[in-house]
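Colleague: following is a predicted model, sequence given first.
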Amino acid sequence: MKALELDRARQTVRAVEKPKPEPAEGEALVRVLMAGICNTDLELAQGYMDFNGIPGHEFAGVVEECANDHLRGQRVVGEINCVCHQCAYCRMEMPRHCVNRTVLGILNRDGAFAEYITLPEENLHIIPKRVPEEAAVFAEPVAAAFRIPEQVRIEDGQRVVVLGDGKLGQLIAQVLGLRTKQLLCVGRHRWKLDLLAPLGIATALDTDPIEPGADLVVEVTGTPEGLNRALELVRPEGTVVLKTTVAEGAPIDMSRPVINEISIVGSRCGPFRPAVEALALGNVEVRPLISATYPLTEGPAAFERARQKDAIKVLLQP
Ligand SMILES: [Zn+2]
Ligand SMILES: [Zn+2]
């Protein structure tokens, strides 16, 4: 099959031929219809997680082989953490923290920048008919946005600030905007923020004056300064959610969260069911976020495009 492999020396990917993967017991063979390039993939190319192999964890595909008749032939998206069901965290119903996990395209498991992948059947979710593949491919980052209301109670009328106007920031603003109308998305790019205006989401440039005292601030800038900014904007006894892994560390004024008794919550992968439902209902609008679609074999050009300042989401089509 055709696939893209990390080329860490050049901080990109290269097109390769690989053997088609064989599904193990309980796994399905999925033909990839569409895959999305995420910031994590760009970081993997720069050495993050020390991953070698085929990256890609955002995909929509069709099940070609599996023991379950209900799934065969269906279009699916898939949860990326593949877990053991045996370890202490699996038994505590925290499978995303399984100590033996593999993660699609990130940790010890080849990913979706390929014609085929394998995933446990239990990870797969059928895509509703009215959701096209180019929207379904956003299920994973939309699920990551839905992780926040699982972790933090958000009531209507509470003030939420989302710091960051990139792919994930935009999705988080849309998802949290379903819970409270008092939401502000802050970013560096007027043109990106303008994509949120038709959805009724208030926006501001990070150079604009912003009223502090928010109940919840979500840090999704991917920059070292983001956390300090979040700590300035949150109210005493409020919550800061950290949603991006930042490659380089930054000095943080840790006296502020102590004095103001701020909860800092790390947040990673989330539930697929509400994500797929939101895409089907049109509660989350993803198509304006697509900057370009490339054939899989043009992976290096797609990665280059994804790094450009005027790109949001770049898709790959096998
Ligand atoms: Zn991602
Ligand atoms: Zn486990």
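Modeller: Cool, the structure landed. Ligands and ions are numbered 1, 2, ... in the order given.
Colleague: strands along the stretch 51-200 of the chain, start to end?
Modeller: Taking DSSP state E, counting those that start in this stretch as the test, the strands found in the stretch 51-200 of the chain are 58-65, 75-78, 81-82, 102-103, 116-120, 124-126, 160-163, 183-187.
Colleague: run through the bridge partners of the closest residue to residue 14 other than its chain neighbours.
Modeller: Excluding the flanking residues, the one nearest residue 14 by Cβ to Cβ, 6 or more residues apart in numbering is residue 7, at 4.6 Å. For every residue, glycine as well, the C-beta is placed using N, CA and C. Applying DSSP bridges to residue 7 gives these bridge partners: residue 12.
Colleague: what about residue 7, neighbour count?
Modeller: Here the count is done by other Cβ atoms under 10 Å, and residue 7 has 16 residues near it.
Colleague: my read: it touches residue 44, true?
Modeller: No: at 11.0 Å, residue 7 and residue 44 do not qualify as touching, with contact defined as Cβ atoms under 8 Å.
Colleague: in this structure, which residue sits closest to ligand 1?
Modeller: Per Cβ to the ion, residue 38 is where the chain lies closest to ligand 1, at 3.0 Å.
Colleague: distance of that residue relative to residue 267?
Modeller: Between residue 38 and residue 267 the computed distance is 15 Å (Cβ to Cβ, to the nearest Å).
Colleague: the two: who's more crowded?
Modeller: Just comparing residue 38 and residue 267: by other Cβ under 10 Å the higher neighbour count belongs to residue 38, 23 against 20.
Colleague: check the spacing between the more buried one and residue 210 real quick.
Modeller: The gap separating residue 38 from residue 210 is 27 Å, by Cβ to Cβ.
Colleague: one more: residue 303?
Modeller: 34 Å.
Colleague: get me the contact residues on this protein for ligand 2.
Modeller: Neighbours of ligand 2 within the chain, by Cβ under 5 Å from the ion: 83-84, 87, 90, 98, 100.
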